[in-house]
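K.L.:
show me how the following folds:
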Amino acid sequence: MAHIKVPEGVPGIRSLVMFRPETGKPLYELAQILLRDESPLSPAERELIATHVSSRNECMFCMSSHAAAARELLGDQKEVVDCVIKDVNTAPVSPKMKALLNIAGKVQVNGKQVKPEDIEEARQHGAHDRDIHDTVLIAATFSLFNRYVDGLASFTPTDPKAYEEMGKRMSSMGYVLPQPA
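P.N.:
Residues are numbered from 1 along each chain as shown. Alright, predicted model coming up:
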C-alpha cells in the first residue's frame, strides 16, 4: 500500500502523477523526450539503459515495466533484456552498448564515479557526445524515478502479464500522462 492516498490499483509512477499532475506532466514529458524522441540511440537501447539502472536500484516496478517495453521493441531479440539484467558484461550487446551501460551503472551509484577512461572506452566503440549525454541523463533520471516510485511505495504488480501490457503500451504510445480516475 502506498504511503500516500493515490488512486487504488494504479501501478507505479502512474498513480503518483495522477496524485499530482502538475509535477507528473513534466516527468512524463522528460521520459518521452529521453526514451522516444530523436536520439542516436534506438528506443530499445534507451529502454535497456532505463531497465539496467532500475534493476541496479532494485526498483521492481520500473525495471519490470521498462524491461517489458524493451522486449517489445527488440522483438525477436527480446532475450537480450534478461541478459542485461543478469550481467551486462556477458550480455549479447555491442561493445558500444556495454560501455554505455557501464557508464549508466556508475551514474546510478554516483555520477562522480564516471571517469575519463569510461568515456574513452565508449568513444573507442563508436559512442559520440550525444550517446554519452543521453546515457548519463537517462541513468540520472531513472534513479530519480526509481526513488520516487519506491519512496512512496507505489503499487507494484507481481503478475508478469501486467508488465507485458505496459510494455506494449509504452512501446507503441510512448509516455503519455494518465487521465484522472
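
K.L.:
now the residue sitting nearest the centre point of the chain: which helix or strand?
P.N.:
Closest to where the C-alpha atoms of the chain average out (Cα atoms, centre = their mean) is Ala50, at 2.1 Å. In the assignment (DSSP states H and E), Ala50 maps to helix 43-56.

K.L.:
list the buried ones in that helix?
P.N.:
Burial within helix 43-56, assessed by neighbour count using 16 or more other Cβ atoms under 10 Å, is assigned to 43-56. C-beta coordinates here come from the backbone N, C-alpha and C atoms, glycine included.

K.L.:
do stretch 153-167 as well
P.N.:
Buried positions in stretch 153-167, judged by neighbour count with 16+ other Cβ under 10 Å: Ser154, Phe155, Thr156, Pro157, Tyr163, Met166, Gly167.

K.L.:
closest one to Lys112 out of those residues, please.
P.N.:
Ser154 (29.2 Å; Cβ to Cβ).

K.L.:
quick one: contacts for that closest one?
P.N.:
Counting by Cβ atoms under 8 Å, 6 or more residues apart in numbering, Ser154 makes contact with Ala2, Val6, Pro11, Gly12, Ile13, Ser15, Leu16, Phe61.

K.L.:
ok, so what distance separates it from Val6?
P.N.:
The gap separating Ser154 from Val6 is 7 Å, by Cβ to Cβ, to the nearest Å.

K.L.:
mutual contacts of the two, please.
P.N.:
Common neighbours of Ser154 and Val6, using Cβ under 8 Å, 6+ apart, are Ser15, Leu16.

K.L.:
how far off centre is the lengthiest helix in the chain?
P.N.:
Using DSSP state H to define each element, the chain has its longest helix at helix 129-151. Offset of helix 129-151 from its chain centre (Cα atoms, centre = their mean, to the nearest Å): 7 Å.
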